[in-house]
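>>> Here you go, sequence then predicted model.
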Amino acid sequence: MKFFVDTAEIADIRELADTGLLDGVTTNPSLIAKSGRDFMEVTAEICKITHGPVSAEVVALDHEGMMREAEVLRRIADNVCIKVPLTIDGLKTCRKLTSDGTMVNVTLCFSANQALLAAKAGASFISPFIGRHDDNGFDGIDLIRDIRLIYDNYSFETEILAASIRHPVHVLECARIGADVATMPPAVIKSLFKHVLTEKGIEGFLADWAKTGQTI
Ligand code: E4P
């Protein structure tokens, strides 16, 4: 499973890229606003830190406007992945861009039928939002399971990019189901490294090692 980080904070992206475990980055207009940075500038910076796909989202709602914005965004770097919303105009834009060889991430997916449409439109990635689905009384993990089943039934190549991940159990469930990618806030990625028994184990080993008086 690929790991993307869902943020526009350069320090966090750098720290995670340094682990060698980061496969890409997703941003959205809210994350750009939160970073306080210029969209074009911060996206260009992110694209230099990771060689993986960097999702940059259009804000136009009509096909022509989306195409205009995508044209500007895809000039930033070769690893920019254009993010479009799951609407008729978004999917029309997706079809056009992917047939030109541009990566597209279709975002704000809340149903398996929407995911089916995105795959038919040739999306590189589909982003089902697990946490927001859960918040509204649906089961976000069931959504991932349904999409996996449908994509496997028809051998669609669109990658399932599990989004709106809130905690490590979401990650575990996505890995069990076989989501292709999980995009996570930095804190969730960091929490995956942690286990109380690992920490206790290190503490115990170091205490015993100190008793030997040896060095390596
Ligand atoms: C995905 O690409 C989105 O940026 C993101 O996962 C949304 O997550 P949220 O529901 O925590 O805002």
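Alright, I've got the coordinates. Residues are numbered from 1 along each chain as shown.
>>> Every contact and neighbour count from this point should use C-alpha atoms.
Will do.
>>> And D6, how far from I177?
21 Å (CA to CA, to the nearest Å).
>>> Same check on D18?
From D18 to I177 the distance is 28 Å (CA to CA).
>>> before we move on, what about V54?
Distance from V54 to I177, by CA to CA: 24 Å.
>>> now swap in D135 and tell me
Distance, D135 to I177, using CA to CA: 21 Å.
>>> Give me the more crowded residue out of those two.
A direct count of neighbours by other CA atoms under 10 Å for D135 and I177 places I177 higher, at 17 against 10.
>>> Skipping adjacent residues, who's closest to that one in space?
R145 (6.0 Å; CA to CA, 6 or more residues apart in numbering).
>>> where does that neighbour land in three-state SS?
With DSSP: H, G, I helix; E, B strand; the rest coil as the basis, R145 sits in helix.
>>> For the ligand, what is the nearest residue in this structure?
Residue of the chain nearest the ligand, by CA to the nearest ligand atom: S164 (3.4 Å).
>>> List the residues that contact that residue.
P128, F129, I130, G131, R132, T183, M184 (CA atoms under 8 Å, 6 or more residues apart in numbering).
>>> Can you tell me which of those residues is nearest A121?
P128 (15.8 Å; CA to CA).
>>> what separates the residue nearest to that closest one when sequence neighbours are not counted from S124, distance-wise?
With sequence-adjacent residues excluded and distances taken as CA to CA, 6+ apart, P128 is closest to C109, at 4.5 Å. Using CA to CA, C109 is found at 14 Å from S124.
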